[in-house]
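# Sharing a sequence plus its predicted fold:
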Amino acid sequence: MKALLGPLSWNLVYVDDLAAMREFYENVLGLPLRHATKYFAAYNTGGCTLELMARKDNGPDAENLRRGWDRNRVLMSFKVEKMDEVVAELGRRGAKLLHGPAPTVNEDGQEPDGRVAQFADPEGNIFELCDEPLFF
């Protein structure tokens, strides 16, 4: 069956404190800013744009103040070439490692294709590094 959807083009994360989140994504992760307004910041990440949105009146469950997995269930995954070096550098910049680097999860009996490492941003959203080959 032919796929109906193309590649992922962006991830949007609803945030409470845009200034703190911009500090983290720009200065800890080093993502290049593409565009920003009072309520919004967009970053180039290669084939996918990451957007931070401080307005809560334009998304689902606008009045819900829960955080991280309890609110958005967002996981962004970034491809990396040198996992150990990137994990160490993010740690030096203040990112908290939650898990890994650990083998990727595959079908039962198959060898892992790579490793993942998971971190959380200041509002509890999980982001992941992955060094397995891309499949698209």
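Thanks, I have it. A quick note: this is a predicted structure, and the numbers were derived from the prediction, not measured.
# shouldn't T104 be in contact with P133?
No: assessed by CB atoms under 8 Å, T104 is found out of contact with P133, at 10.4 Å. Heads up, the C-betas are built off the backbone N, CA and C, glycines and all.
# which regions of this structure sit below the pLDDT cut-off?
1-7, 56-73, 105-109, 134-136 (pLDDT under 70).
# Name every sheet partner of the longest strand that the chain contains and say whether each one runs parallel or antiparallel.
Longest strand in the chain, counting residues (DSSP state E): strand 96-103. The pairing partners recorded for strand 96-103 under DSSP bridges are strand 115-120 (antiparallel).
# Quick one: name whatever helix or strand follows the partner strand.
strand 126-130 (DSSP states H and E).
# tell me the angle of that next one relative to strand 96-103?
40 degrees (axes from the mean of the first three to the mean of the last three CA atoms, to 10 degrees).
# Give the other helices and strands that strand 126-130 contacts.
Applying 3 or more CB pairs under 8 Å, 6 or more residues apart in numbering; DSSP states H and E, one finds that strand 126-130 contacts strand 75-79, helix 83-92, strand 96-103, strand 115-120.
# which stretch among those comes nearest K38?
Of all those, strand 75-79 sits nearest to K38, with 23.1 Å by CB to CB.
# can you tell me which residues contact the closest residue to V28 other than its chain neighbours?
Sequence neighbours aside, R93 is the residue nearest to V28 in space, at 4.4 Å (criterion: CB to CB, 6 or more residues apart in numbering). The contact partners of R93, taken as CB atoms under 8 Å, 6 or more residues apart in numbering, are N27, V28, L29.
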